[in-house]
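Peer 1: Could you look at this predicted model? Sequence included:
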Amino acid sequence: MNHAIYDAAQQAIADGAFNAETLPQIILEVPPQKEFGDYATNFALQAAKAARTKPRTIAEAIVKRLKEDWLEKAEIAGPGFINFYLKADVIYDKLAAIIAVGENYGTLDKKQGERIQLEYVSANPTGPLHVGHGRGAAVGSALVNLMRAAGYDVQSEYYINDAGNQIDNLAASVNVRYLELLGQTVEFPENGYHGQDIVATAQRIVDGYGDKYLKMDASERLNVFKELALQEKLAALKEDLAAFNVQFDVWFSERTLHQANAIQETCDFLLGNGNIYKKDGALWLKSTAYGDDKDRVVIRDNGVPTYLAADIAYHRNKLERGFSTLINIWGADHHGYICRVKAAIEAMGYEGKALEVLILQMVSLYQNGELVKMSKRTGQSVTLSELIEEVGTDAARFFFIMRSIDSQLDFDLDLAKSKSNENPVYYIQYAHARICSIFRQAEEAGLNIAAKPDLTRLTMPAEIDLIKKMADYEDEIAYAAKERAPHRIARYVHELAGAFHSFYNQCRIMGVEPEIAEARLVLVGAVKNTIHHALTILGVSAPEKM
RNA sequence: GCGCCUGUAGCCCAGUGGAUAGAGCACUGGCCUCCGGAGCCAGGGGCGUAGGUUCGAUUCCUACCAGGCGCACCA
């Protein structure tokens, strides 16, 4: 269709109808009202300036030269829009094509050449995941699914911060709880973790080994507890994420960077190309040369690398693995970190735009009308597993994904609990279950489910609307993936479910003449596949019964 | 002070420079002797403020106001 318009425009120029050296991109859109046709373009308006010709003149010249067999008519409207009215067959051809690909409708052709890595969650293994991590987990996993459906080559990864101070604090915290359980009074470490899960970990050590570690040298005991706690926390993380329908292709341990001497090598490399210098006994990254506000310490004056140093080595490692694009999902509280990591990437000779950081705005939990603090250290945060227990994986995921990542999310626990049946996710799942029910009954009634009916029997407005809505799905997938916006799919599938429910109330399947019944059955079968496909991207189940 | 995000219906949010700005919740009134009423149909209500760019701005730019989050040799 774009080609036809382009050709007509070229022909018009050749015929001297108007002059233009460069033509704007042709963008087709669905007009706001049905009277404006099936598709419309503002091409003539866009071209008007360069051509120094009235938009309507250009539009007329193009319309006069459009002769396509799929086109019923093309009209000029308003300041110069061209509205296209398709022949009725086109929509039935599209439906037939949707039916032909079955459950794969919405899965686009593979793109070539680009390898993308998506890193998300990457919460420290020092305690349970909370609801903020939940948003990252839901959005990240949905984005992986979405981009894969759109044909991108994506690998997902979780970065385990299993080295550094926070792990030492974890060990120290467990140690204190262990000693307390054995009757000793010990001062709690300053940066320790106060969560109940730490007490539980200590309790399990007591249950398993008694006072075996009591007589052990303190530093040795800390080392043992560090490993025990780390294994336990990591296992708990994986369990929570699995319950939340989140899987990772790669679990990347920060320790492997230290063990492989990667941080030292990266620093040497940057020293070598002049992007790291020594000052006040520390090593500094010259990030101001790449747009940062100030230079950043990478190796402290005591010789210990900063978190940034490990992160630079980590991103170097990612790039050396051959990814052309690195997507990171970070919480809003880390946005100030973007600039320095990009600076480091450029300092290593890569393009800054290879790193794409998606900033996820904060989640605030409300309970009894009051803000619930989410600090891990107070131990009073609501954890992801508690949230799942309260509202379920499907509702929690949908709730997290349905909003743009740029908006803060107020999650009202009471509302989610008490009114969970009014959550939009149920509206969508209900549509799916309803269609499944129709098929069960159609089978009992002896309708031919496998028939290849005459689709042109679908002429009711509700039927046409439903087909058109479904026809939009592939474009929606492509656009949402390009924009990294999984919330668009949540919105789309809600609208599709709405179009179905509307159809359902107007068009019966059972008890009408068989040819129409079979055509409608094929139609709702395609809707069922599309809803299922979209919900799968969101990581939400599509039940056959509710 | 500097940086990032946000400001759209009573509430919570969509919205790709286009035509009469859309869903949900809430509210009001209708719809099953019939495929699942967790549903459908109808109704009222509006882009933070002030400029600018444009044929055209909710969308882009600037300033201001308001809310959130950052601004470590912590992670």
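Peer 2: Right, received. Where do you want to start? Residues are numbered from 1 along each chain as shown, chains lettered A, B, ... in the order given.
Peer 1: who touches residue A:88 in this structure?
Peer 2: Applying C-beta atoms under 8 Å, 6 or more residues apart in numbering to residue A:88 gives the contacts A:72, A:456. The way it works is simple: take the backbone N, C-alpha and C, and place the C-beta from them, glycine included.
Peer 1: at 6 Å what do you get?
Peer 2: Residues near residue A:88 by C-beta atoms under 6 Å, 6 or more residues apart in numbering: none.
Peer 1: number of nearby residues for residue A:188?
Peer 2: 13 (other C-beta atoms under 10 Å).
Peer 1: I meant residue A:398, not that one.
Peer 2: Around residue A:398 sit 26 other residues, with neighbours defined as other C-beta under 10 Å.
Peer 1: The one 5 residues further on too?
Peer 2: Residue A:403 is surrounded by 18 other residues when neighbours are defined as other C-beta under 10 Å.
Peer 1: Doesn't it lie inside a helix?
Peer 2: No: according to DSSP: H, G, I helix; E, B strand; the rest coil, the state of residue A:403 is coil, so it is not within a helix.
Peer 1: roughly how far apart are it and residue A:305?
Peer 2: To residue A:305, residue A:403 is 37 Å away according to C-beta to C-beta, to the nearest Å.
Peer 1: From the contact counts, what lies against the helix or strand that residue A:497 is a member of?
Peer 2: Using DSSP states H and E, residue A:497 maps to helix A:487-506. Packing partners of helix A:487-506 (3 or more C-beta pairs under 6 Å, 6 or more residues apart in numbering; DSSP states H and E): helix A:424-444, helix A:461-471, helix A:473-482, helix A:514-538.
Peer 1: So is the second one next to RNA strand B?
Peer 2: No: using C-beta under 7 Å from any atom of the strand, we find that helix A:461-471 stays clear of RNA strand B, coming within 7.9 Å at best.
Peer 1: Kindly reformat the helices and strands packed on helix A:487-506 as a markdown table containing distance to residue A:367, mean pLDDT and mean neighbour count.
Peer 2: Below are the helices and strands packed on helix A:487-506 laid out as a markdown table (distance: least, C-beta to C-beta, whole Å; pLDDT from 0 to 100; neighbours: other C-beta atoms under 10 Å):
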| stretch | distance to residue A:367 | mean pLDDT | mean neighbour count |
| --- | --- | --- | --- |
| helix A:424-444 | 21 | 94 | 18 |
| helix A:461-471 | 37 | 93 | 19 |
| helix A:473-482 | 32 | 95 | 18 |
| helix A:514-538 | 25 | 96 | 22 |
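Peer 1: Which among those helices is found nearest to residue A:220?
Peer 2: For those, proximity to residue A:220 was assessed by C-beta to C-beta; helix A:514-538 is nearest, at 47.9 Å.
Peer 1: relative orientation of the closest one and helix A:473-482 in degrees?
Peer 2: Using axes from the mean of the first three to the mean of the last three C-alpha atoms, to 10 degrees, the inter-axis angle of helix A:514-538 relative to helix A:473-482 is 10 degrees.
Peer 1: for helix A:514-538, packing partners?
Peer 2: Secondary-structure packing of helix A:514-538 (3+ C-beta pairs under 6 Å, 6+ apart): helix A:88-101, helix A:131-149, helix A:424-444, helix A:487-506.
Peer 1: Please repeat the previous calculation with a cut-off of 8 Å.
Peer 2: With contacts defined as 3 or more C-beta pairs under 8 Å, 6 or more residues apart in numbering; DSSP states H and E, helix A:514-538 has these neighbours: helix A:88-101, helix A:131-149, helix A:393-401, helix A:424-444, helix A:461-471, helix A:473-482, helix A:487-506.
Peer 1: anything in the fourth one near RNA strand B?
Peer 2: Just to be clear, that refers to helix A:424-444. Yes: under the criterion of C-beta under 7 Å from any atom of the strand, RNA strand B is reached by helix A:424-444 at A:424, A:426, A:427, A:430, A:433, A:434, A:436, A:437, A:438, A:441.
Peer 1: now for these, which pair is the farthest apart?
Peer 2: Using C-beta to C-beta, the residues of helix A:424-444 next to RNA strand B reach their maximum pairwise distance at A:424 and A:441, which is 26.1 Å.
Peer 1: RNA strand B versus the residue of chain A positioned farthest from its centre, what's the distance?
Peer 2: Centroid-distance maximum for chain A: residue A:215 at 49.9 Å, with C-alpha atoms, centre = their mean. Noted for residue A:215: a distance of 31 Å to RNA strand B, by C-beta to the nearest atom of the strand, to the nearest Å.
Peer 1: Can you give me the buried ones in stretch A:103-115?
Peer 2: Residues A:105, A:106, A:107, A:108 are the ones in stretch A:103-115 that count as buried (16 or more other C-beta atoms under 10 Å).
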